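A.B. asks: Build the 3D model from these lines:
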Amino acid sequence: MNYTLKKIPNILLLVLVFSVLNCKDSNIAPVFDQANFSLEKMDQLFTILDENNRAMGSISIFIDGNEVYSNQIAYKDFENTLLHDRNTEFRIGSISKTFLAVVIMQMIDEGKLTLETNLSDFFVDVKNSEIITIRHMLQHRSGIFNYTDDETFPDWMNSVQSITSMLQRITAYNSIFEPGTDESYSNSNFFLLALIAEIIDGNTYDKIIERRITEPLGLLNTRVGDVVNPLRNEALPYIFIGEWLQIETFHPSVILGAGDIVSTPYDLNVFFINLFAGNIVSESSLNEMSTIEHIFGLGLVPIPFYNRIGFGHTGGMPGFQSITVYFPLDSVSVSYTTNGVRFPQNDILIGVLSIIYNEEYTVPIFRDSIVLPVEILERYAGVYGNPDFPLLITVFLENGSLMAQASGQGAFPLDAMDEFNFTFDAAFLHMEFFPETGAMIITQAGHRVDFSLMPIE
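C.D. replies: Numbers count the residues shown, from 1 in each chain. All right, here's what the predicted structure looks like:
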């Protein structure tokens, strides 16, 4: 069955761009001791995720440049019961931005560009292009509106878009702040950077990635993607609503440079290890990339574990999530890709890193959801609001399942824990309903918001 939702969010309600691996005491550095790294406990974690239908995906762990652990769970094609293997390719979403950042830094190393080059040298029609620099764009400090935040985005995100139509959208937006004065994550930056790379290199973006990165590093399962093709050993995108249901994901033409690469966890680790070894950009360029201002470096973000800081990126698009983190002090690299999410990626990474660093960790125990009669679920349908919260929450039934949708975001399924309590584990979300009063409480990542059922107009 192919199941279509208008827009599947990466993280809901409380909008967080990147995973932050917060642990019990961030002032204590975990001790890395490869000899005590428990492969059995790592197997146990992924077996439990698999047996409880909490994830589908692939993981690879490298230490000192060598792969020490690899595992794949569940299906690349659920309908045809085709399992993942270590070469199954996944849409990696915004980890693609690190690949493009490397291309741009290579061009800077070659003297074809500088970090202070203005966008107006290439696209004069973008607002403030005469004072927006390449650095601003790489670091999300350009003020260029993020086109994936456009309210019409769900209408065209799954279909082929021409470069001309995408540029028309980007140039039509007003700036959201003066360049360099603030930061706001924007896929528009990297769409434009991919076009700049094509102008400078004289080749299409897929050929640029192939010539500059995948061929030199021997990345056999990494490329700029086309539409998802399971015949090429690609994973299909899924959401869990009682079972894994296939959904639509972004068309690659919509996310050129910003999220269009397919890869494997093995290849991602090889890429990041070579990046930090200085094999694909100069030392000065690597220093620029890994210098963090507020949240962002240049195509990299910091990912902490206790007081250790790794560098990497996350990615998310309908049906897919991914993360790569590299810890330079220990030469530890972890990459995880998934095509089915029911348990937070962040929690999986905390588990993985706790096992690697021999920290105290108990593998999760999952409580099965229950099936409630439609008559009970119907009591909760409606629109809920809070005057101090910017989003309305619509609750509705679809195919016998209770769904919820925040205004401007995607619909997501709710698992019933009992008659009144529901969860969406992929986003740390818990909803409790009080049908007699029309109240509803959402708790997410430690935050609570009280809602009331709004009258029907």
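
A.B. asks: got the residue ranges for the strands in the stretch 351-457 of the chain?
C.D. replies: Secondary structure of the stretch 351-457 of the chain by DSSP state E, counting those that start in this stretch: the strands cover 382-385, 393-398, 401-406, 411-413, 415-416, 421-424, 429-434, 439-444, 447-453.

A.B. asks: Under the pLDDT cut-off, which ranges of the chain? List them.
C.D. replies: Flagging of the chain using pLDDT under 70 yields the residue ranges 1-35, 457.

A.B. asks: let's see it at 80
C.D. replies: By pLDDT under 80, the low-scoring segments of the chain are 1-36, 408-410, 426-428, 445-446, 456-457.

A.B. asks: how about the helices in it?
C.D. replies: 39-51, 96-109, 134-138, 153-156, 163-172, 187-201, 205-209, 215-217, 265-276, 283-289, 345-356, 374-378 (DSSP state H).

A.B. asks: would you list those in JSON lines and tack on distance to residue 364 and mean neighbour count?
C.D. replies: Any C-beta I mention is one placed from the backbone N, CA and C, and that applies to glycine too. Rendered in JSON lines, the data for the helices of the chain read as follows (distance: least, CB to CB, whole Å; neighbours: other CB atoms under 10 Å):
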{"stretch": "helix 39-51", "distance to residue 364": "6", "mean neighbour count": "16"}
{"stretch": "helix 96-109", "distance to residue 364": "29", "mean neighbour count": "24"}
{"stretch": "helix 134-138", "distance to residue 364": "37", "mean neighbour count": "24"}
{"stretch": "helix 153-156", "distance to residue 364": "32", "mean neighbour count": "15"}
{"stretch": "helix 163-172", "distance to residue 364": "41", "mean neighbour count": "15"}
{"stretch": "helix 187-201", "distance to residue 364": "32", "mean neighbour count": "22"}
{"stretch": "helix 205-209", "distance to residue 364": "37", "mean neighbour count": "20"}
{"stretch": "helix 215-217", "distance to residue 364": "35", "mean neighbour count": "13"}
{"stretch": "helix 265-276", "distance to residue 364": "21", "mean neighbour count": "24"}
{"stretch": "helix 283-289", "distance to residue 364": "34", "mean neighbour count": "17"}
{"stretch": "helix 345-356", "distance to residue 364": "7", "mean neighbour count": "22"}
{"stretch": "helix 374-378", "distance to residue 364": "27", "mean neighbour count": "13"}
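
A.B. asks: gap between residue 245 and residue 366?
C.D. replies: Distance check for residue 245 against residue 366: by CB to CB, to the nearest Å, it reads 20 Å.

A.B. asks: Correction: the previous question concerned residue 290.
C.D. replies: Going from residue 290 to residue 366 by CB to CB gives 37 Å.

A.B. asks: Who has more neighbours out of the two?
C.D. replies: Looking at residue 290 and residue 366 with other CB atoms under 10 Å, you find the greater number of neighbours at residue 290, namely 19 against 14.

A.B. asks: Verify the stated contact: the more buried one with residue 301.
C.D. replies: No: under the criterion of CB atoms under 8 Å, residue 290 makes no contact with residue 301, lying 10.0 Å away.

A.B. asks: Please identify every residue contacting each of those two.
C.D. replies: residue 311 (CB atoms under 8 Å, 6 or more residues apart in numbering).

A.B. asks: Now residue 419: closest residue in space, sequence neighbours ignored.
C.D. replies: Counting by CB to CB, 6 or more residues apart in numbering, residue 376 is the residue found nearest to residue 419 once chain neighbours are left out, at 6.2 Å.

A.B. asks: Distance-wise, check that neighbour relative to residue 420.
C.D. replies: Relative to residue 420, residue 376 is positioned 9 Å away (criterion: CB to CB).

A.B. asks: Same question for residue 217.
C.D. replies: Taken as CB to CB, the spacing of residue 217 relative to residue 420 amounts to 53 Å.

A.B. asks: Once you drop chain neighbours, what's closest to residue 122?
C.D. replies: Taking CB to CB, 6+ apart, and ignoring the residues beside it in sequence, residue 122 has residue 196 as its nearest neighbour in space, at 5.1 Å.

A.B. asks: next one: residue 44
C.D. replies: The shortest distance from residue 44 to any residue that is not its chain neighbour, by CB to CB, 6+ apart, is 5.5 Å, and that residue is residue 363.

A.B. asks: Let me know whether that neighbour touches residue 45 as I believe.
C.D. replies: Yes: checked against CB under 8 Å, the pair residue 363 and residue 45 is within contact range at 5.0 Å.

A.B. asks: Common neighbours of the two, please.
C.D. replies: Among the neighbours of residue 363, those also in contact with residue 45 (CB under 8 Å, 6+ apart) are residue 351.

A.B. asks: what's the burial count for residue 78?
C.D. replies: Counted by other CB under 10 Å, the residues lying close to residue 78 total 19.

A.B. asks: hmm, I was thinking of residue 292
C.D. replies: Here the number of neighbours of residue 292 (other CB under 10 Å) works out to 15.

A.B. asks: Now do the spatially closest residue to it that is not a sequence neighbour against residue 226, distance only.
C.D. replies: Taking CB to CB, 6+ apart, and ignoring the residues beside it in sequence, residue 292 has residue 302 as its nearest neighbour in space, at 5.2 Å. Here the distance between residue 302 and residue 226 works out to 33 Å (CB to CB).

A.B. asks: Look up how far residue 441 lies from residue 59.
C.D. replies: Spatial separation of residue 59 from residue 441 under the definition CB to CB is 35 Å.

A.B. asks: So which of these two has more stuff around it?
C.D. replies: With other CB under 10 Å as the criterion, residue 59 and residue 441 differ in neighbour count, and residue 59 comes out ahead with 25 against 15.

A.B. asks: those strands in the stretch 201-350 of the chain, which residues are they?
C.D. replies: For the stretch 201-350 of the chain, the strands defined by DSSP E, counting those that start in this stretch occupy 223-224, 238-240, 244-246, 261-263, 301-305, 308-317, 320-327, 332-341.

A.B. asks: The shortest one: how far from the chain's middle?
C.D. replies: The chain centroid and the centroid of strand 223-224 are separated by 17 Å under CA atoms, centre = their mean, to the nearest Å.

A.B. asks: likewise the fourth one?
C.D. replies: Between the mean C-alpha location of strand 261-263 and the chain-wide mean there is a distance of 13 Å, by CA atoms, centre = their mean.
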